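Need coordinates for the following:
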Amino acid sequence: MLVSIESKLERPKWLRAPAPAGKNYQELKSLVGRLRLHTVCESAACPNLGECWNQRTATFMILGNVCTRRCGFCAVQKGAPLAVDYGEPRRVAEAVEALGLRYAVITSVNRDDRKDGGAELFALTIRAIRERSPGCRVEVLVPDFQGSHAAMDIVLDALPGVLNHNIETVPRLYRQVRLGARYERSLDMLRYAVRARPEIPAKSGLMLGLGETREEVLGVMRDLRAHGVGILTLGQYLRPSPRHLPVLRYVPREEFAEYRAIGLEMGFRHVEAGPLVRSSYHAAESADSAG
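Numbers count the residues shown, from 1 in each chain. Down below sits the predicted model:
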């Protein structure tokens, strides 16, 4: 039934992104290959890969390229996790230095096989970047660490510039969209991060077009504000393959603009909202406006 619904949807002509091409794109692709790194841009089939890589920015994905969870929206490979590569933080830092980044975004696959969920490698990566590029601000997009506050402390003690954890969707859709995650647990981790390190801006985001209602979206936005989140991203879900959840609706650009206005009225310091917005899209600008 869901597939037949999507088959009737026509993808809007304005929902297009630049194709991956150009000198900067090729240089970054070569750098990532040479240093044996993963990016969420490639692994999650991000539509902004062409734009961002041509601007010499990428979101690095640590802890391998295989996720221990099977979320219905995500293109990252699922299965038995790879061994942790303790040389990865150094290589990420080398890439950040080579690109001359003043703002770097680091994320990871879920590593439910590890007691700390991979928090140690986040901390090592933050410190490695700071050592080689002292002026570079580091945003981390972390998993829920299965609710471990101790794991979150490991990341926070490394003093990232921004702490991001995506709520992804509305509570009603969690069993379909975020298998293995819990809405209240994600909110708790964000609240804990804000209380433990109030000087580090907290960020979260949602995908739209999976069957959520307007009131459900506003409810999540209110929950995020109540838990201290100051930066919000809202983007259109795009199905990465026929094996993934279908798109049930293409959200009009005017609706994204409305959510942005409402979010600012709610007290978010920055709201990035639009069809092609993703967690790390314009991340540096978001962090700058949030202070």
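
When you work out contacts or count neighbours from here on, use the C-alpha atoms and nothing else.
Noted.

Chain neighbours aside, what residue packs nearest to Val155?
Closest residue to Val155 apart from its sequence neighbours, by CA to CA, 6 or more residues apart in numbering: Ala123 at 5.1 Å.

Which of the three states applies to the one you found?
Secondary structure state of Ala123, per DSSP: H, G, I helix; E, B strand; the rest coil, is helix.

How about Glu131?
helix.

What's the local residue count around it?
13 (other CA atoms under 10 Å).

so the residue nearest to Val155 makes contact with Ala151?
No - using CA atoms under 8 Å, Ala123 is not in contact with Ala151; the gap is 10.1 Å.

who has more neighbours, those two?
Neighbour totals were compared for Ala123 and Ala151, and Ala123 leads with 21 against 18 (other CA under 10 Å).

Let me see the contact set for the more buried one.
Residues near Ala123 by CA atoms under 8 Å, 6 or more residues apart in numbering: Ile154, Val155, Leu156, Asp157, Ala158.

Apply 10 Å and report the result again.
Residues near Ala123 by CA atoms under 10 Å, 6 or more residues apart in numbering: Pro89, Val140, Met152, Asp153, Ile154, Val155, Leu156, Asp157, Ala158, Leu159, Pro160.

same deal with Arg69?
Arg69 makes contacts with 76-80, 109-112, 178-181, as judged by CA under 10 Å, 6+ apart.

In this structure, where is pLDDT below threshold?
1-8, 14, 17-22, 24-25, 40-57, 286, 288-291 (pLDDT under 70).

so where do the strands sit in it?
38-39, 59-62, 66-67, 77-78, 103-108, 137-141, 162-164, 202-208, 231-236, 270-273 (DSSP state E).

Same list, the ones you listed, but as a markdown table with mean neighbour count and distance to Ala95 please.
Compiled in a markdown table, the strands of the chain are given as follows (neighbours: other CA atoms under 10 Å; distance: least, CA to CA, whole Å):
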| stretch | mean neighbour count | distance to Ala95 |
| --- | --- | --- |
| strand 38-39 | 22 | 11 |
| strand 59-62 | 23 | 9 |
| strand 66-67 | 20 | 21 |
| strand 77-78 | 16 | 23 |
| strand 103-108 | 23 | 10 |
| strand 137-141 | 24 | 13 |
| strand 162-164 | 25 | 20 |
| strand 202-208 | 25 | 24 |
| strand 231-236 | 25 | 26 |
| strand 270-273 | 24 | 27 |
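
could the ones you listed go into JSON lines alongside distance to Ala119?
Below are those laid out as JSON lines (distance: least, CA to CA, whole Å):
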{"stretch": "strand 38-39", "distance to Ala119": "17"}
{"stretch": "strand 59-62", "distance to Ala119": "11"}
{"stretch": "strand 66-67", "distance to Ala119": "15"}
{"stretch": "strand 77-78", "distance to Ala119": "20"}
{"stretch": "strand 103-108", "distance to Ala119": "10"}
{"stretch": "strand 137-141", "distance to Ala119": "11"}
{"stretch": "strand 162-164", "distance to Ala119": "12"}
{"stretch": "strand 202-208", "distance to Ala119": "17"}
{"stretch": "strand 231-236", "distance to Ala119": "22"}
{"stretch": "strand 270-273", "distance to Ala119": "26"}
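
Many thanks, have a good one.
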